[in-house]
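Colleague: let me see the structure of the following:
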Amino acid sequence: MTGDPWSPADLAAAAPADDDALTDADRYPALTEHGERMLRFLREHPHAPIYRNQSGNRLTAADLERVRAFDAQVRAARPGWEPGQAPPWLDGFVDQCLEEVPFYRRYGSRPRDFHDLPTVTRADLGRDVAAFVPDPLPTDRIINFRTSGTTGHPLLLPSHPIVAASYLAFHRRALRRFGIELAYGRGQVGVVLVGFQRTCFTYVSVTPLMDDSGLAKINLHPDDWRDPADRVRYLDALAPEVYTGDPLSLAELAALPLSTKPRALLSTSMALQPGLRARLQARFGCPVLDLYSLNESGPVAVYDDDEGGHVLLQHRMYVEVLDDAGRPVPPGERGEVTLTGGFNPYLPLLRYRTGDHAALRVAPGREPVLVGLQGRPPVRFRTAAGEWLNNIEVTHALQRFALSQWTLHQQADGALRFRFAGPGADADTLRHALAELFGGQAMEVREGGFDGDKVVQYTSELEGARP
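Modeller: Residues are numbered from 1 along each chain as shown. A predicted model of the protein is given here:
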């Protein structure tokens, strides 16, 4: 992935496509002199980590104008629809999908009832994601998010630099809900994205919409630093306005004796448990936003205590809650969160089943709220040597295999149970790859054995597996 969307849905799991062969002029077409100084500061600081990759926003001056216009549109719009009604844009969106998108054209003529349209799953995207790109769109500047997610279907998702930059508009909307208007700009570091894993895509960049303020994606794992104590020295020197990360990396951040404090923390990728959210808020003295976000859709909703759930962020996103047969459940009942719309023209979603579950509350004149959302839980695994591994470590270790699905479970005694599907490897090869991570940990590796198409990829019975 090239482009800096702050925190793509699976921040720690997303592996941006490396563009090390490019120059800064390629990565940052509209880079200013003070932007150049910021990049030097981030890269050359005496306590900087070992940055292993390079990435940039790829935004031209024309792109920036479009992103600013979109930001203004998001600021002015109100997400949602009235009870018992569909949003006014939905009919036109469906017609466009059925006309321009190869995958949806297979449906044939449009049914009278929107709910008679087939649903789409992550497995459909994994089989042929190119079929979801509308025919009229140019592909010369297409970029990809690479992610595996929690259902075990590895994906390359099409996007564009403008789409990546547009994440900021929804993060701003979420922050404004908690009284925070971003203020960082020239000469300041706005955002630090933190991961905590053995192998992590790390880079520095600038945010042109905030006057080329600094952005850094770092790995808090000690192996990415010349001296582990440099983590505190470097982060205090950056003093970012916002940190983003998943619950595992934010928990590690909270353990560092930082003297500077951000104005907010944004947690993405995995479910944030209330206890950890309270601990982070107490540690940093600032709001901790729990974003429900997916690479397939971008930021969907943010948790608000006053609303009792996750409040919708996108004004062109229609949300249904469906039963197993794909039918809408009665108001207030739980079902699978299903999305239509979005802001990525290269991946229009039409009744996309997320695998996450919640109830949906729609009230007149209010943003829709997902109540009791059950998303993707963060899980740590223990090696034979007693070291804890982020579940993302397993994702990275298996990326080279063309697996369509897998699950990993750790029993209370530490033994591992791995199930897989797909032609990418045999059991012995996968056992060897896992042994490189886990050492001599007892494990069972077997093909198949899934209970249905939708599975929870990472689970554990060990105490301490959840932060």
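Colleague: do you have the helices of this protein handy? List them.
Modeller: 24-27, 33-44, 61-76, 90-100, 102-105, 122-127, 161-176, 230-238, 247-254, 274-284, 391-398, 427-438 (DSSP state H).
Colleague: so which bits of the fifth one are buried?
Modeller: Read that as helix 102-105. For helix 102-105, the neighbour count (16 or more other CB atoms under 10 Å) marks F103, Y104 as buried. No exception for glycine: its C-beta is placed from N, CA and C like everyone else's.
Colleague: just the terminal-to-terminal distance for stretch 174-190.
Modeller: Start-to-end span of stretch 174-190 (CA to CA, to the nearest Å) is 16 Å.
Colleague: worst mean pLDDT among the helices of the chain?
Modeller: Lowest mean pLDDT of the helices of the chain: helix 391-398, a mean of 79.
Colleague: sorry, back to before: wait, which of the helices of the chain is closest to P299?
Modeller: helix 161-176 (4.1 Å; CB to CB).
Colleague: report the rounded mean pLDDT for the longest strand out of those in the chain.
Modeller: Taking DSSP state E as the criterion, the chain has its longest strand at strand 349-361. If you average the pLDDT over strand 349-361, you get 94.
Colleague: helices or strands up against it?
Modeller: helix 90-100, strand 309-312, strand 317-322, strand 334-341, strand 369-374 (3 or more CB pairs under 8 Å, 6 or more residues apart in numbering; DSSP states H and E).
Colleague: can you redo the ones you listed as TSV with mean neighbour count and distance to A21?
Modeller: Below are the helices and strands packed on strand 349-361 laid out as TSV (neighbours: other CB atoms under 10 Å; distance: least, CB to CB, whole Å):
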stretch	mean neighbour count	distance to A21
helix 90-100	16	33
strand 309-312	23	40
strand 317-322	22	36
strand 334-341	22	35
strand 369-374	18	41
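Colleague: got a markdown table for those, with distance to Q188 too?
Modeller: Output for the helices and strands packed on strand 349-361, formatted as a markdown table (distance: least, CB to CB, whole Å):
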| stretch | distance to Q188 |
| --- | --- |
| helix 90-100 | 39 |
| strand 309-312 | 29 |
| strand 317-322 | 31 |
| strand 334-341 | 34 |
| strand 369-374 | 34 |
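Colleague: distance of A465 from S109?
Modeller: As defined by CB to CB, to the nearest Å, A465 lies at a distance of 50 Å from S109.
Colleague: ok, those two, which is more surrounded?
Modeller: The neighbour count for A465 versus S109, taken as other CB atoms under 10 Å, is higher for A465 (18 against 6).
Colleague: beta partners for P299?
Modeller: S293 (DSSP bridges).
Colleague: likewise for the one 4 residues further on?
Modeller: In this structure, Y303 has beta-bridge partners H310, where bridges are defined by DSSP bridges.
Colleague: which ones are touching it?
Modeller: By CB atoms under 8 Å, 6 or more residues apart in numbering, Y303 lies in contact with L272, L289, D290, L291, Y292, G309, H310, V311, L373.
Colleague: again with Q73
Modeller: H315.
Colleague: circling back to that earlier point, would you mark the buried spots in the longest strand of the chain?
Modeller: Applying 16+ other CB under 10 Å to strand 349-361 flags 349-361 as buried.
Colleague: what does stretch 108-128 give?
Modeller: For stretch 108-128, using 16+ other CB under 10 Å, the buried residues are R110, F114, L117, T119, V120, T121, R122, A123, D124, L125, G126.
Colleague: end-to-end on it?
Modeller: 19 Å.
Colleague: how far off centre is it?
Modeller: 23 Å (CA atoms, centre = their mean, to the nearest Å).
Colleague: wait, A433 touches H396, no?
Modeller: No. Counting by CB atoms under 8 Å, A433 stays clear of H396, with 10.5 Å between them.
Colleague: remind me which residues of the stretch 201-350 of the chain are low pLDDT?
Modeller: Counting by pLDDT under 70, the stretch 201-350 of the chain contains no low-confidence range.
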